[in-house]
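# Give me a model of this one.
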Amino acid sequence: MPRCMICGNTESFGSSKLEPVAPTANSIPTALLANFDNEGYIDNMENMGAQLDEAQEAWEEPEVYFDFCAFCGAKEIQWP
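Reported below is the predicted structural model:
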């Protein structure tokens, strides 16, 4: 499962590869946010402007897409 090396988060990560369509104040700067279960699999994704094919690719290869911590914003993410 992914793990933030700064805050220890193993639950929620965003993708810097996909920009949000309409950024809003105090929001996470991504078009796609994934929440992971205790086994490290994607439990659900929040799509805020990603194309369907991009979201599908991210679901299939999360280690390529989800590269920052949704809690602290760090990019120091460790994948198994």
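
# Would you map the strands across the protein?
3-4, 12-14, 32-36, 42-47, 68-69, 77-78 (DSSP state E).

# Out of these, the one nearest E57 is which?
strand 32-36 (10.0 Å; CB to CB). C-beta here means a position set from N, CA and C on the backbone, and glycine is covered the same way.

# Could you list every helix and strand that the closest one packs against?
strand 12-14, strand 42-47, helix 52-60, helix 62-65 (3 or more CB pairs under 8 Å, 6 or more residues apart in numbering; DSSP states H and E).

# quick one: which of the ones you listed is nearest P29?
Comparing the helices and strands packed on strand 32-36 under CB to CB, the one sitting nearest is strand 12-14, at 7.4 Å.

# residue contacts, A34?
The contact partners of A34, taken as CB atoms under 8 Å, 6 or more residues apart in numbering, are S12, F13, G14, S15, I42, N44, M45, E46, A58, P62, Y65, F66.
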